[in-house]
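Peer 1: Pasted the sequence and its predicted model underneath.
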Amino acid sequence: MTRHSLRAAGPHIKSILLASVAMAAAGVPGAALAQAASAPAEDATTDEASDRIVVTGYRESLSIARDIKRKAVIQVDAIVAEDMAKFPELNLAESLQRLPGVQITREAGEGRRISLRGLGSDFARVQLNGMEVLGNVDSAQDSRGQRTRDRAFDFNIFASELFSKIEVEKTFQAAQKEGGMAGTVGLFTGKPFDYASGTKGALIAKLGTNQYTKDAQTRFAGLFSQNWDNRFGISVSAAYSRRKTTEQGHNTYNYSNPGASTLQGLLGKGLDISKLSAAQQAKFLSGDLYFPDGNRVSSWNADLERIGITAAVQWRPADNLLLTLDALHGQFTTHRDELHLATRPINGTGSVAFDGAAGSAWPAIFRTGSTINSIGYDKNGYVTSIDVTGATFGSEHRRELSKNKFEQIALTGKWDATERLSFDGHVGYEKSKYDTPYDDKFYMRAKGNLVADYGSDGRSATFSYPGWNPTNASTYAMDNFYYRSFYNKSELAEGVLNGRYELDDTFTLCAGVAYHRFTQDGASYFYDAGANGTTGKTRGTAVGDITDVFSNSFGSWLIGNYDRGFTKYNEYHRLSPNTRDGVGGALQDIENVYTTKEETESGYLQLDWDSDVLGMNFRGNVGVRGYHTKTRSQGWIQGDSYAYLGTADVQGSYEGVLPALNTVLEVVPDTLVRFAATQNLNRPGLGSMAAQGTAFRNEDSGEITASRGNPNLKPYKDTTLDVSVEHYFGKIGLLSASVFHKWIKNFIGSQTLTNVPFSQTGVPASTIPGATDSTIVKEFSMPVNVPGTKSLTGVELALQSQLFFLPGALKNLGVVANFTYVDADKELTGISDMSYNATLYYETERWGLRGSVSHRNRWYSGLSDNPMSADTRGFEGSTYVDASAFFNITKAFQFTLNAINLTNQKDTQFWGQNRYLYNQTQSGTTYMAGLGYKF
């Protein structure tokens with residue numbers, strides 16, 4: 001009986017590549033004819049003696065990944081590198097999206113975070129060489145959760161060339177550490193014993209550009225491995241890349257809904273609405289209208305530099321003992337320039353398109369109110385078009401430096417003590433640090449004209465500036481500077497020991513223990529113009545000597561030049577009073593100051609079996625995992641103007657038992673039926689656990705209100721059933737269908753208690769002068785677990801096949817495709833209900849071509865019952881098309897070509913149940929040509 005492993009360059013280039021993808025989709029007749037007409041005997045993928053296809057390259061990687069899936073007891077999908085430093089995609093997230101059930105989010109066209117099987121990115125755990133990966137997330141845009149401190153992992157920190165394999169475990173087994181309720185993504189770097197004895201290496205150099213940035217994008221990778229007969233080996237790999245990115249387009253800050261008294265007051269400040277009809281004037285002054293905020297044209301530009309280094313040492317001191325030491329360093333540095341031209345009233349409300357007259361600090365051009373020439377709105381009262389003379393604009397230039405560093409070291413051992421008894425485990429440590437030394441804003445104001453049209457449905461945007469040149473410096477005036485800085489740091493120490501004892505030829509008993517200690521801290525520093533004192537010396541001054549003209553695909557306007565601006569006003573990035581001229585007060589606005597610590601001890605007992613039942617192979621495992629987690633969070637309590645009032649220190653704990661059953665039955669040769677019934681958990685979000693909070697005393701009533709996070713939250717917990725049927729055929733063929741259902745409890749909501757003593761809040765009474773532990777807090781709020789169960793049901797379909805049945809050279813065609821549908825309760829956000837991926841490839845031993853399409857439907861990141869609430873937000877559906885090709889010049893040299901986002905897909909974010917435009921950007925097509933050498 002066989003034993004089974006339990007773990008196993010411009011528009012012209014674009015048109016050519018799109019035509020190539022289309023040709024592949026049509027069956028590649030041109031390629032087939034050329035192949036047949038030239039030299040059929042040279043078709044290296046055909047073994048003429050047996051007329052069989054030899055599986056190599058991309059096909060071979062599909063074959064290996066299929067074998068991993070087939071041999072596993074749990075539900076697994078895998079991606080395997082074709083060769084050293086040759087992962088299928090330029091980005092790990094973009095590779096993962098090719099797997100069923102996986103969806104990704106993007107920044108500047110590049111994959112960043114994943115959602116898995118109906119649950120958002122916070123529920124998908126990522127492990128690197130067996131250890132959980134802690135990555136701090138960065139986004140260019142506030143609307144996407146800039147600098148979010150959560151459990152989601154950002155895949156852009158690692159270069160794909162450093163990895164040899166990815167496994168996505170979709171069902172849980174007791175031998176796996178608890179967590180990652182949606183699933184666990186395992187990343188694996190190459191090891192010296194992965195390669196044959198002797199010396200092996202690879203060098204890759206790539207050069208590319210983007211249709212918008214038009215820069216020279218460089219990408220280098222190298223790997224060296226030395227294996228001394230599987231007794232001792234070392235391997236080292238390194239990857240470096242540098243490129244510019246841009247996202248540009250139109251956006252709003254959602255909306256403003258000023259009341260009738262506010263709008264009436266603006267008429268007294270110089271606002272003119274006389275050109276509107278009587279009915280329009282009445283509607284305008286009613287306070288019923290929702291005005292787009294910002295009316296903004298934007299460009300998020302970045303210069304990205306990524307460095308990755310891995311090293312592995314393997315030593316087999318005895319035939320039955322293997323030791324592996326892995327180390328990885330990743331560094332991702334971003335120099336970002338955000339450039340915006342938006343409506344920003346000086347004497348108005350919100351960031352609407354109209355304004356009153358500015359005061360004497362401003363030049364004469366600003367001392368006249370706006371005139372609204374026309375206005376349009378829909379049945380919900382949302383203003384879909386507006387024509388304004390004398391609108392006030394803000395030009396914002398935000399510059400930022402962000403440094404994201406990751407380090408991990410892990411020692412893994414495997415010891416076969418006897419023929420039946422074996423042990424394995426690891427100890428490791430890792431640290432992830434996200435640091436923003438500066439994130440500054442350079443504000444100017446301008447006076448001009450605007451026509452903003454959001455379409456009849458409010459879902460598109462067109463801006464024009466009749467009679468105004470946004471590059472005319474005489475219509476601008478300086479406003480001020482705003483200085484900010486941020487940091488987050490995460491650390492993890494872990495130890496795992498497992499034992500396996502083969503009771504007989506059928507049953508194996510497994511047991512293990514694990515220790516896991518996680519800590520995270522951070523802070524955000526905000527030093528605005530009022531506190532830093534720049535407003536007094538800068539506001540209203542001329543800007544002709546400190547500006548540059550900026551242009552992108554959507555417009556041209558003036559932006560502030562930091563070097564010249566800092567020189568003119570004797571300024572610099574600072575978080576304290578100016579040492580040169582003394583302006584500025586104390587830094588007060590310090591937020592997100594908290595430390596969170598989790599310490600978990602866990603253990604499991606699992607019985608594996610591999611047997612025959614009625615002539616059918618039947619294998620699986622059943623087990624139980626117990627865990628005990630202690631939490632502690634310390635965080636600042638803050639009052640008015642973010643004043644520090646004291647530190648809360650709150651501890652909590654939880655424990656539980658997680659049963660798991662996984663079975664595989666081979667009902668007929670090459671056809672498997674899987675069934676899994678499991679329970680797993682997901683630890684609460686870090687923001688919900690944070691002990692940071694607020695405390696205020698009302699000066700009139702004397703009543704006290706307070707709030708904080710809750711480190712005593714229980715984890716989310718799910719019960720999952722999973723059934724799949726898989727049919728394997730040929731060398732790489734796979735057809736599978738999977739149905740899964742999850743019941744999830746312990747969701748997190750907010751609770752408000754009234755009239756409770758300070759002693760019950762976890763907020764120190766000393767935060768309010770004169771208060772004691774028995775002082776009554778009128779209202780106290782914190783996150784709590786809410787009763788009830790949420791559920792989701794999903795279906796995954798997958799197909800991969802080499803089209804061997806086609807005649808002649810067409811047999812080199814192949815397809816990989818999948819489809820996922822999820823029906824979930826509306827509270828489960830962050831996932832599209834439908835997604836699909838398809839790759840059509842044509843590959844010979846000499847050359848090959850791949851075209852891929854990835855689609856996900858509309859998805860929500862937040863929901864509200866109020867139709868006009870911006871708490872409802874999400875992204876419209878998107879379809880990305882990528883292509884790649886290779887040509888083997890010799891056995892050692894290979895030329896490659898990649899094109900990402902061939903159709904320049906729009907990324908559209910919306911707000912409200914009517915899906916009004918929030919943000920719409922494009923990032924352009926990126927092309928990359930490379931040369932690889934292996935030895």
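Peer 2: Thanks, I have the structure now.

Peer 1: what residue ranges in this structure score low on pLDDT?
Peer 2: Counting by pLDDT under 70, the chain has low-confidence residues at 1-56, 83-85, 135-149.

Peer 1: out of everything not next to it in sequence, what's closest to the residue positioned nearest the centre of it?
Peer 2: Nearest residue to the geometric centre of the chain (Cα atoms, centre = their mean): residue 113, 2.6 Å. Nearest in space to residue 113, with sequence neighbours left out and distances taken as Cβ to Cβ, 6 or more residues apart in numbering, is residue 121 at 4.2 Å. For glycine as for every other residue, the C-beta is placed from the backbone atoms N, C-alpha and C.

Peer 1: Could you check how far the one you found is from residue 829?
Peer 2: Distance from residue 121 to residue 829, counting by Cβ to Cβ, to the nearest Å: 11 Å.

Peer 1: now the helices for the stretch 401-550 of the chain?
Peer 2: Assigned by DSSP state H, counting those that start in this stretch, the helices in the stretch 401-550 of the chain fall at 529-532, 534-538.

Peer 1: right, so of those helices, which gets closest to residue 900?
Peer 2: Distance to residue 900, taken as Cβ to Cβ, is lowest for helix 529-532 among the helices of the stretch 401-550 of the chain, at 39.7 Å.

Peer 1: list the helices and strands the closest one packs on?
Peer 2: In terms of contact count using 3 or more Cβ pairs under 8 Å, 6 or more residues apart in numbering; DSSP states H and E, helix 529-532 is assigned the packing partners strand 476-502.

Peer 1: how far does the strand it packs on sit from the chain's center?
Peer 2: 14 Å (Cα atoms, centre = their mean, to the nearest Å).

Peer 1: One more: stretch 221-233?
Peer 2: On Cα atoms, centre = their mean, the centre of stretch 221-233 falls 34 Å from that of its chain.

Peer 1: Just the buried residues of that stretch, please?
Peer 2: Neighbour-count burial for stretch 221-233 flags 221-227, 232-233 (criterion: 16 or more other Cβ atoms under 10 Å).

Peer 1: what does stretch 542-552 give?
Peer 2: Under the neighbour-count criterion of 16+ other Cβ under 10 Å, stretch 542-552 has 543, 546-547, 550, 552 buried.

Peer 1: How many neighbouring residues does residue 865 have?
Peer 2: 8 (other Cβ atoms under 10 Å).

Peer 1: Next: residue 905.
Peer 2: 18.

Peer 1: Name the SS class of it, please.
Peer 2: Secondary structure state of residue 905, per DSSP: H, G, I helix; E, B strand; the rest coil, is coil.

Peer 1: Now, the buried residues of stretch 221-233 that are in strands?
Peer 2: Among those, the ones falling in strands (DSSP state E) are 221-227, 232-233.

Peer 1: hmm, back to that, of residue 121 and residue 829, who's got more company?
Peer 2: Each of residue 121 and residue 829 has its neighbours counted (other Cβ under 10 Å); residue 121 has more, 24 against 18.

Peer 1: Show the backbone phi and psi for the more buried one.
Peer 2: Listed backbone geometry of residue 121 is phi -60, psi -20, with angles given as degrees, to the nearest 10.

Peer 1: what's the farthest-apart pair in the buried residues of stretch 221-233?
Peer 2: Every pair of those checked by Cβ to Cβ; the farthest is 221 and 232, at 24.7 Å.

Peer 1: Break down the stretch 751-900 of the chain into its strands, ranges please.
Peer 2: With DSSP state E, counting those that start in this stretch, the ranges of strands along the stretch 751-900 of the chain come out as 776-785, 789-802, 813-824, 834-843, 847-856, 859-862, 873-875, 878-888, 893-900.

Peer 1: Which of those strands sits closest to residue 237?
Peer 2: strand 893-900 (17.6 Å).

Peer 1: which secondary structure elements does that closest one contact?
Peer 2: Judged by 3+ Cβ pairs under 8 Å, 6+ apart, the packing partners of strand 893-900 are helix 11-25, strand 198-210, strand 878-888, strand 926-934.

Peer 1: Mind listing the strands the last one pairs with, and their directions?
Peer 2: Strand 926-934 has these partner strands in its sheet, going by DSSP bridges: strand 198-210 (antiparallel), strand 893-900 (antiparallel).

Peer 1: Toward the C-terminus, what is the element adjacent to the shortest one?
Peer 2: Put plainly, it is strand 893-900. Once strand 893-900 ends, the next helix or strand along the chain (criterion: DSSP states H and E) is strand 907-911.

Peer 1: who does that following strand touch, helix- and strand-wise?
Peer 2: strand 873-875, strand 916-922.

Peer 1: and it with strand 878-888, angle?
Peer 2: Put simply, strand 907-911 runs at 160 degrees to strand 878-888, going by axes from the mean of the first three to the mean of the last three Cα atoms, to 10 degrees.
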